[in-house]
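K.L.:
give me a model of this one.
(chains A and B)
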Amino acid sequence: MSAAHVNAEHTLELRVRVAGRLDVDLFLGPGCTAIVGPSGAGKSTLLAALTGLIDVDEARITVAGRTLDDRTPDSRAAGVNLPPEARGIGLAFQEARLFPHLTVRRNLRFPVERGGRTGTPDVDACAAALGITALLDRPADQLSGGEARRVALARALAAATDLLLLDEPLGSLDEGTRERILPWLHGLIRNSRVPTLIVTHRMSEAALLADHVVVIEGGKVVEQGAPLDVLPHRATVSSLRDEEAENLLAGTAGDDGHSVHIGSAVLSVAAHDLRPGEPVTVRLAAGEVIVGLSRHDDLSACNALDGKIVAIHEVDDGRLAVVDVGVMLFVSLTADAVAGLGLEPGREVVLYIKTTALRIATAR
Amino acid sequence: MSDAIVTSVVIALGAVALGLLPAVALAWWLARRHFAGKAVVETLVAMPLVLPPVVTGYLLLMLLGRRTAFGGWLHDAFGLELLFTPLAATLAAAVVSFPLLVRTLRVAFEGVDPGLEQAARSLGAGRWTTFTAVTLPLCRHGVLAAVVLAFARALGEFGATLVVAGTLPGGRVTAPVAVWRELQSGDPSRAVPLVVALVAVAAAAMFASEWLVRRGRRV
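P.N.:
Residues are numbered from 1 along each chain as shown, chains lettered A, B, ... in the order given. Reported below is the predicted structural model:
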């Protein structure tokens, strides 16, 4: 969506300067915006500044027409600087930060009981949105890492009257836990009634979750736009380097219970207990995809998808191709494979994917 | 004997009650804020811990005596004469136990993750609500330990008390002063019951505060 056409009711104006760390000027629409960039780029600093938890040198922050902070050189006199509790923001920190002396339910009720927040979804709705209804009466210090993370997300939802901020919501979780939380997070963002900002250093999460992507490096905005316009060209920035490149996709289960529809593509998957039509998320490591130049029907891989190479980027240990198969997929290749097959942007290819390479998770 | 114990317990409770609120405010301030002159404040607060109690008593005497500026004003404006009253004994006990109160409370507050306080603020709680709903419950064991420790110190206060409230109206004295009197009387054995009682209370208080601090660490 173009910012110019967005109703002022739903826009965010974020101008924040913290000397030596952050200098951004953003105008964002409703929906979900992903702030991506390498570690230390200033992403978390931006969220802390929006929430009013750190000192800033200059700020002008308005959410849906309400001014939270206005300390620019030309508005010093006005000098609005709402304290964190008055900003109507629900922030899920990188760590869960649950109150250990309270039950899960009391944690979720905190924004209403202690914070006086109104107009947010009630505790039951927040718990249902993250699948933690069964945990409500447990002490918050007796949860697993994955459970605590879901409670923290639900609590942020219960506090967000105007804006929802999620700081690396899947960070520091083991791969299995991360995969299981993904569908809940996807649902949370899709159903959020308030604009959402999600900070992540993983392109795959931004591609799955966001309507708009802002790339921050060295405290400055270096690029922004729709995920598919921005991410393929950003796929090689340092953010992906220390982790396995992957694809995260949202789809729905097919009628047969072992296929998933993603965009126009239909993939057969190893899961057998899918309910027809239910939302699923799919994780596919970029290294698990085989690239061919033509269709073969003598391969064991069940999924063959026709596509076209959009871009090929050099990464430390090889190449990362972006292939359009109806959705964008990242594919890891060796330099030799790229040269041997004569792969280049614009080239038509067939991607082969084993069903076992597709990691399926549902919000259940 | 039981008279002296009761007098001491009442005075010690009063001393802790008198010092608790300012100690909580000061300890929180020291634990959470950085400001110029913090070292000076810390030094001043710790002074009664290392000063000979009799010197603390002398300084209190200088403050409260009717011929001093503050003591004179108290007398002229309110008709208050503090010296050799239970209030003076309470004040003396409060002053000497105050550093223990502040230090133990400060350690308790520092044990609370500031990230949880930030979380509370972001969830809509103001500073005061954050303190009462998050900080205090999370360090309640430490706060209790501080109270118990300060109570024990106040109960045992002797030097400063002797100077400003050696004998109270009606001839009452605090338990440590009573022990000293018995020793002066030439028959030390008469102090034994009081000594046993004071040792027992001190041991119980130390044990309780250690146990509370340990519990606090587990939370």
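
K.L.:
so residue B:46 sits in a strand?
P.N.:
No. Counting by DSSP: H, G, I helix; E, B strand; the rest coil, residue B:46 falls outside a strand, being helix.

K.L.:
so for the residue lying closest to residue A:318 once chain neighbours are set aside, what's the pLDDT?
P.N.:
Sequence neighbours aside, residue A:334 is the residue nearest to residue A:318 in space, at 4.8 Å (criterion: C-beta to C-beta, 6 or more residues apart in numbering or on different chains). For the C-beta atoms, the positions are set from N, CA and C on the backbone; glycine is no exception. On pLDDT, residue A:334 comes in at 92.

K.L.:
look up how far chain A lies from the spatially most central residue of chain B.
P.N.:
By C-alpha atoms, centre = their mean, chain B has its centre lying nearest to residue B:97, at 3.0 Å. Note on residue B:97: its distance to chain A, by C-beta to the nearest C-beta, to the nearest Å, is 28 Å.

K.L.:
for that residue, which residues are in contact?
P.N.:
Counting by C-beta atoms under 8 Å, 6 or more residues apart in numbering or on different chains, residue B:97 touches B:12, B:15-16, B:19, B:150-151, B:153-154, B:157.

K.L.:
what comes up buried for stretch A:48-68?
P.N.:
Residues of stretch A:48-68 classed as buried: A:48-54, A:56, A:58-64, A:68 (neighbour count, 16 or more other C-beta atoms under 10 Å in any protein chain shown).

K.L.:
give the next helix or strand downstream of the helix or strand of chain B with the lowest mean pLDDT.
P.N.:
Counting by mean pLDDT, DSSP states H and E, chain B has its least confident helix or strand at helix B:69-78, which shows a mean of 86. Moving toward the C-terminus from helix B:69-78, the next helix or strand (DSSP states H and E) is helix B:86-110.

K.L.:
any residues touching the helix or strand following that following helix, and which ones?
P.N.:
Later in the chain than helix B:86-110, the nearest helix or strand by DSSP H and E is helix B:114-122. Residues outside helix B:114-122 that contact it (C-beta under 8 Å, 6+ apart) are A:51-53, A:83-85, A:87, A:89-91, A:93, A:95, A:97, A:99, A:110, A:114-115, A:159, B:32, B:127, B:129-130, B:133-135, B:138.

K.L.:
how about stretch A:223-233?
P.N.:
Counting by C-beta under 8 Å, 6+ apart, A:26, A:34, A:203, A:206-207, A:210-215, A:234, A:310-311, A:322, A:328 sit against stretch A:223-233.

K.L.:
up against chain B, what does chain A have?
P.N.:
Proximity of chain A to chain B (C-beta under 8 Å from any C-beta of the partner chain) is limited to residues A:51-53, A:83-85, A:87, A:89-91, A:93, A:95, A:97, A:99-101, A:110-111, A:114-117, A:155, A:159.

K.L.:
for the least confident helix or strand of chain B, packing partners?
P.N.:
In terms of contacts (3 or more C-beta pairs under 8 Å, 6 or more residues apart in numbering or on different chains; DSSP states H and E), helix B:69-78 is packed against helix B:53-64.

K.L.:
show me the contacts for the closest residue to chain B within the stretch 1-150 of chain A.
P.N.:
Residue nearest to chain B within the stretch 1-150 of chain A: residue A:115 (2.0 Å; C-beta to the nearest C-beta). By C-beta under 8 Å, 6+ apart, residue A:115 lies in contact with A:85, A:159, B:120, B:123-125, B:129.

K.L.:
one more time with 10 Å, if that's ok
P.N.:
A:85-86, A:88, A:109, A:158-159, A:161, B:120-126, B:129-130, B:133 (C-beta atoms under 10 Å, 6 or more residues apart in numbering or on different chains).

K.L.:
tell me how many other residues surround the residue lying closest to it once chain neighbours are set aside.
P.N.:
Excluding the flanking residues, the one nearest residue A:115 by C-beta to C-beta, 6+ apart is residue B:124, at 2.0 Å. Counted by other C-beta atoms under 10 Å in any protein chain shown, the residues lying close to residue B:124 total 28.

K.L.:
repeat for the one 10 residues further on
P.N.:
The burial metric for residue B:134, expressed as a neighbour count using other C-beta under 10 Å, is 25.

K.L.:
what's the burial count for the residue lying closest to it once chain neighbours are set aside?
P.N.:
Using C-beta to C-beta, 6+ apart and skipping residues adjacent in sequence, the residue nearest residue B:134 is residue B:120, 4.6 Å away. Neighbourhood size, residue B:120 [other C-beta under 10 Å]: 26.

K.L.:
picking that back up, least confident of the buried residues of stretch A:48-68?
P.N.:
Within those, pLDDT is lowest for residue A:64, at 85.

K.L.:
what's the distance between that residue and residue A:163?
P.N.:
In this view, residue A:64 and residue A:163 are 8 Å apart by C-beta to C-beta, to the nearest Å.

K.L.:
so who does residue B:16 touch?
P.N.:
Counting by C-beta under 10 Å, 6+ apart, the residues that residue B:16 touches are B:23, B:90, B:93-94, B:97-98, B:101, B:146-155.

K.L.:
skipping adjacent residues, who's closest to residue A:101 in space?
P.N.:
residue B:137 (4.9 Å).

K.L.:
what does residue A:20 give?
P.N.:
residue A:219 is the one closest to residue A:20 (C-beta to C-beta, 6+ apart), at 7.8 Å.

K.L.:
and what of residue B:14?
P.N.:
residue B:90 (4.1 Å).

K.L.:
ok, now residue A:166?
P.N.:
Closest to residue A:166 by C-beta to C-beta, 6+ apart is residue A:198, at 4.4 Å.

K.L.:
please tell me how far the nearest residue to residue A:353 once chain neighbours are set aside sits from residue A:324.
P.N.:
Sequence neighbours aside, residue A:303 is the residue nearest to residue A:353 in space, at 4.2 Å (criterion: C-beta to C-beta, 6+ apart). For residue A:303, the distance to residue A:324 (C-beta to C-beta) stands at 16 Å.

K.L.:
max-length helix in chain B?
P.N.:
Counting residues, the longest helix found in chain B (DSSP state H) is helix B:2-32.

K.L.:
list the buried residues for it?
P.N.:
Quick answer for helix B:2-32 (16+ other C-beta under 10 Å): B:4-5, B:7-9, B:11-16, B:18-20, B:23-24, B:26-28, B:30-31.

K.L.:
okay, now the nearest residue to residue B:156 once chain neighbours are set aside: neighbour count?
P.N.:
Once flanking residues are discounted, residue B:156 sits nearest to residue B:176: 6.0 Å by C-beta to C-beta, 6+ apart. The local packing of residue B:176 (other C-beta under 10 Å) involves 20 other residues.

K.L.:
residues in contact with the closest residue to residue A:234 other than its chain neighbours?
P.N.:
Once flanking residues are discounted, residue A:234 sits nearest to residue A:215: 5.7 Å by C-beta to C-beta, 6+ apart. By C-beta under 10 Å, 6+ apart, the contact set of residue A:215 is A:34-38, A:41, A:203, A:206, A:221-225, A:230-231, A:233-234, A:237, A:239.
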